[in-house]
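# I'd like to go over a predicted model; first the sequence, then the structure.
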2 protein chains.
Amino acid sequence: MNLDRPCESDLIDWISRHTQHFPSSIIKNIGDDCAVFDPRFTPRLAVTTDMLLEDVHFRRRWISPYFLGRKSLAVNLSDLAAVGAVPYACLLSLALPPDLTPDYFHSFMKGFLEEGACWHAPLIGGDLSRSEKIYVSVTAWGSLEAGDPVWRSQGQDGDKVVLVGEIGLARVGLEILQQEDPSQIWKINSENKLAQWAGDSFRYRCLKAHLLPKALVQVGSWLCRNRLANAMIDISDGLASDLFHIACQSQLVAEIEVEQLPLPEQAIGQLDPLEAALNGGEDHALIFTASQEQLDRLSSSYPTNFPPYRVIGKLSGGEPSLYLKRKGKQEKYEPRGFNHFR
Amino acid sequence: MNLDRPCESDLIDWISRHTQHFPSSIIKNIGDDCAVFDPRFTPRLAVTTDMLLEDVHFRRRWISPYFLGRKSLAVNLSDLAAVGAVPYACLLSLALPPDLTPDYFHSFMKGFLEEGACWHAPLIGGDLSRSEKIYVSVTAWGSLEAGDPVWRSQGQDGDKVVLVGEIGLARVGLEILQQEDPSQIWKINSENKLAQWAGDSFRYRCLKAHLLPKALVQVGSWLCRNRLANAMIDISDGLASDLFHIACQSQLVAEIEVEQLPLPEQAIGQLDPLEAALNGGEDHALIFTASQEQLDRLSSSYPTNFPPYRVIGKLSGGEPSLYLKRKGKQEKYEPRGFNHFR
């Protein structure tokens, strides 16, 4: 890495100087062989890890380093939200090609640390390397203040399927980016600049969904704390794929009512809005399942500052599978969400 | 990945079926958005993460997938040993190119899971992806039964520097591999086969040091529990570099007595044994610092089944730096250990 030829310890020093407040249960952070935390001060911990690889999960020309830094942590925080955990701390493994400038590293780290600061999830350690392509791997912990998390496998026969957040927009955002001049995208390193550059509000919502996903941490932990969700998952591969995970792990049939889906309002290029909503992926919305009793409690207590929820389907008994219901007719559906190995 | 075109969930299922016993404090492992553990059942936890990237940390033709699996976990367990922690659980992020066969994946996982089973460190989660090159990132936790870990920064003026384990052999092992037929190396997937293939015992020790490093977990946790080490680090970059880390973080001068170093007994090719010992790296030996009082206690209680220790230098007051002492003369030394960014 051509950061004026620094050594790894220079980069670690830079990170150490820019990290944030640590909770007292983290007794050692960056700079030794291990970080150490003292779990006597915390409730149960959830942990997750997700990779973002150049030319697999993203292309360098369509995302600025600042947004890549934010997004690489946000996708992990979305997994924490999906079990009802509140972000607690994170680790970063980052490998960068030698042709990138020091600005790239600093801008990536700025995004990563800002995202962590939003959620009080300090960076407590990691690993740095050179590489041929950009490689990011993040591990994130969350604390489960309610004790029991929400699993994918606890959906109940008769539950409704509920969606919080938007679907398909991230996929439309990618489509928009692919039609743009990469040299412009590179410079966009704040939400304000993105809004200016996007122009109209639909484009802005789509670009933001793709570049700057927001983990629904407060929603997930509120649902968990109030025992309003039986099963929950975040949408990373696509609504259809991820609901299918709930169906398989809960051993039930899942049905999506197409008329209830919030589809992207505009088509972009050849992209079908329903296809984007079902299989686009990277939405980082939450889907959960709830009984009628839970839905009644939900409707009377759902915080007004949360994104709206909507019932989009149901679970019922039978061989694990996924169905779409359209104009009163039900048809079996094979999810086509992102699969690395196809 | 051409694993008969499986999907990611097939691979995750395979891993789930092959994972081991979980301690009761791990209440959820593979298969949901997060793994969850209940820290009320554990002492303090240390956590570390290390990457192994193809063509940066290793070349595919010089290590079989079985050994790569074992090594990728072992290097993380060595970091745990260096703070005195006992392995508790791990996460694996693995990205594989599409040209690799199913055997590659299974053999890698066999090695990884066997290494974990040796140390009761079950795999509790991870992430899988395709990629252009093999990319492995591991996160490992260890429990600190003695409460306080051993840091790099707590070396004391007057401490002796003590080495446990061998140095330079891993570097010689790499030199040996580079002279061999890669098609043979690929097939070696057990310690016995390695011994047979290696021929004489020096070659075997070197190849084993490189391909199958053994984290000194018992030594590290024993030193920690008995308060016999003030500062400690494992040798990953090289003895000189890693002792220099202790010197810098403890704000002291470190001196190595060259005559006390256990050098590789044979030179291989152009490789100088002293250079291999000082800067070869990947030894995963431990260096720690101890007062005379601690050394006295060490010599009367050091378990006979541990690898021998030897005093190889000392710490003293002054500007943080590293010196070599040879034939009574002291000279300043710049570590040349592995630096990704030079």
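Received, thanks.

# gap between the most centrally placed residue in chain A and chain B?
With distances taken as CA atoms, centre = their mean, A:V75 lies nearest the centre of chain A, 3.0 Å away. From A:V75 over to chain B the distance is 10 Å, taken as CB to the nearest CB, to the nearest Å. C-beta: built from backbone N, CA, C; applies to glycine.

# ok, now A:V162?
In terms of CB to the nearest CB, A:V162 sits 17 Å off from chain B.

# averaged pLDDT, the one helix or strand that residue maps to. What do you get?
Counting by DSSP states H and E, the element that carries A:V162 is strand A:160-164. Averaged across strand A:160-164, the pLDDT comes to 98.

# buried residues, the one helix or strand A:Q218 maps to. List them.
Secondary-structure element containing A:Q218, defined by DSSP H and E: helix A:217-225. Buried residues in helix A:217-225, counted by 16 or more other CB atoms under 10 Å in any protein chain shown: A:V217, A:V219, A:G220, A:S221, A:W222, A:L223, A:C224.

# residue contacts, the residue nearest to the centre of chain A?
A:D50, A:L52, A:V138, A:P213, A:A215, A:S236, A:E282, A:H284 (CB atoms under 8 Å, 6 or more residues apart in numbering or on different chains).

# separation between the fourth one and A:V75?
Using CB to CB, to the nearest Å, one obtains 7 Å as the distance from A:P213 to A:V75.

# report the set of residues contacting both of these two.
What both A:P213 and A:V75 touch, as defined by CB under 8 Å, 6+ apart, is the set A:E282, A:H284.

# circling back: which elements pack onto the helix holding A:Q218?
On a contact count with 3 or more CB pairs under 8 Å, 6 or more residues apart in numbering or on different chains; DSSP states H and E, helix A:217-225 meets helix A:65-83, strand A:86-96, strand A:231-234, strand A:286-290.

# repeat the analysis, applying 6 Å as the threshold.
Judged by 3 or more CB pairs under 6 Å, 6 or more residues apart in numbering or on different chains; DSSP states H and E, helix A:217-225 is in contact with helix A:65-83.

# quick one: the helix it packs on to strand A:86-96, angle?
Helix A:65-83 and strand A:86-96 are oriented at 140 degrees to each other (axes from the mean of the first three to the mean of the last three CA atoms, to 10 degrees).

# and helix A:65-83, average pLDDT?
On average, the pLDDT along helix A:65-83 is 96.

# so how far is it off the chain centroid?
5 Å (CA atoms, centre = their mean, to the nearest Å).

# try stretch A:8-17
Taking mean C-alpha positions (CA atoms, centre = their mean), stretch A:8-17 and its chain are 27 Å apart.

# could you dump that stretch to PDB, C-alpha only?
Extracted C-alpha coordinates of stretch A:8-17, given in PDB (Å, rounded to 0.1, in the frame of the first residue of the first chain):
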ATOM      1  CA  GLU A   8       1.300  -1.800   9.700                       C
ATOM      2  CA  SER A   9       2.000  -0.300  13.100                       C
ATOM      3  CA  ASP A  10       1.600   3.300  11.700                       C
ATOM      4  CA  LEU A  11      -1.800   2.300  10.400                       C
ATOM      5  CA  ILE A  12      -2.800   0.700  13.700                       C
ATOM      6  CA  ASP A  13      -1.600   3.900  15.500                       C
ATOM      7  CA  TRP A  14      -3.800   6.000  13.300                       C
ATOM      8  CA  ILE A  15      -6.800   3.800  14.000                       C
ATOM      9  CA  SER A  16      -6.000   3.900  17.800                       C
ATOM     10  CA  ARG A  17      -6.000   7.700  17.800                       C
END
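
# buried residues in it?
A:E8, A:S9, A:L11, A:I12, A:W14, A:I15.

# and the stretch 101-250 of chain A, which residues reach chain B?
By CB under 6 Å from any CB of the partner chain, the residues of the stretch 101-250 of chain A that approach chain B are A:G126, A:D127, A:S129, A:R130, A:S131, A:Y135, A:S137, A:T139, A:P149, A:W151, A:R152.

# swap the cut-off to 8 Å and go again
A:124-133, A:135, A:137, A:139, A:142, A:144, A:149, A:151-153, A:233-234, A:249 (CB under 8 Å from any CB of the partner chain).

# number of nearby residues for the closest residue to chain B within the stretch 101-250 of chain A?
Using CB to the nearest CB, the single residue of the stretch 101-250 of chain A nearest to chain B is A:S137, 4.1 Å away. For A:S137, the count of nearby residues is 31 (other CB atoms under 10 Å in any protein chain shown).

# if I pick it, what's in contact with it?
A:T49, A:D50, A:M51, A:L52, A:L92, A:S93, B:T49, B:M51, B:S93, B:D127, B:S137.

# surely the first one and A:S93 touch.
Same thing as A:T49. No. When contacts are counted by CB atoms under 8 Å, A:T49 is not listed as touching A:S93 (9.3 Å).

# care to break chain A down by domain?
A:8-144, A:152-173+A:213-332 (automatic domain parsing).

# what about the longest one, distance to the chain center?
Computed by CA atoms, centre = their mean, the separation of domain A:152-173+A:213-332 from the middle of its chain amounts to 15 Å.

# I figured A:P335 hits A:I246, correct?
No. If you go by CB under 8 Å, A:P335 and A:I246 don't touch, sitting 11.6 Å apart.

# tell me which of those two has more neighbours.
Set A:P335 next to A:I246 and count neighbours by other CB under 10 Å: A:I246 wins out with 27 against 19.

# the more buried one looks like it's in a helix, true?
Yes. Counting by DSSP: H, G, I helix; E, B strand; the rest coil, A:I246 falls inside a helix.

# within reach of chain B, which of the buried residues of stretch A:8-17 are there?
A:E8, A:L11.

# closest to chain B among the buried residues of stretch A:8-17?
Among the buried residues of stretch A:8-17, A:E8 lies closest to chain B (CB to the nearest CB), at 5.6 Å.

# A:L68: what's it in contact with?
A:L68 touches A:L52, A:F58, A:F108, A:G111, A:I134, A:V136, counting by CB under 8 Å, 6+ apart.

# need phi/psi at the fourth one.
Yep, that's A:G111 we're talking about. Main-chain torsions, A:G111, degrees, to the nearest 10: phi -60, psi -50.

# right, and it touches A:R70 too?
Yes. If you go by CB under 8 Å, A:G111 and A:R70 touch, sitting 4.1 Å apart.

# tell me which of these two has more neighbours.
Comparing A:G111 with A:R70 by other CB under 10 Å, the one with more neighbours is A:R70, at 27 against 24.

# that one and B:G147, how far apart?
37 Å.

# do A:Q196 as well
Relative to B:G147, and taking CB to CB, A:Q196 is found at 53 Å.

# now A:A46
Taking CB to CB, one finds A:A46 at 24 Å from B:G147.

# compare those two and say which is more crowded by neighbours.
Taking neighbours as other CB under 10 Å, A:A46 and B:G147 compare with A:A46 leading, 28 against 11.

# doesn't that one lie inside a strand?
Yes. According to three-state DSSP, A:A46 belongs to a strand.

# got the contact list for it?
Here A:A46 is in contact with A:L80, A:V83, A:A85, A:W141, A:G142, A:S143, A:L144, A:P149, B:C34, B:A35, B:V36 (CB under 8 Å, 6+ apart).

# what about A:D181, how many residues nearby?
A:D181: 8 surrounding residues under other CB under 10 Å.

# oh sorry, the question was meant for A:D55
The number of residues packed near A:D55 is 11, by other CB under 10 Å.

# for it, which non-adjacent residue is closest in space?
Among residues not flanking A:D55 along the chain, A:K133 sits closest, at 6.2 Å (CB to CB, 6 or more residues apart in numbering or on different chains).

# need the phi and psi values for the residue nearest to A:E180 when sequence neighbours are not counted.
Computed as CB to CB, 6+ apart, the closest residue to A:E180 that is not its neighbour in sequence is A:W62, at 7.9 Å. Main-chain dihedrals, A:W62, degrees, to the nearest 10: phi -110, psi 10.

# ok but A:V311 is inside a strand, no?
Yes. Under three-state DSSP, A:V311 falls within a strand.

# might you report the residue contacts of it?
A:K160, A:V161, A:V162, A:Q260, A:L295.
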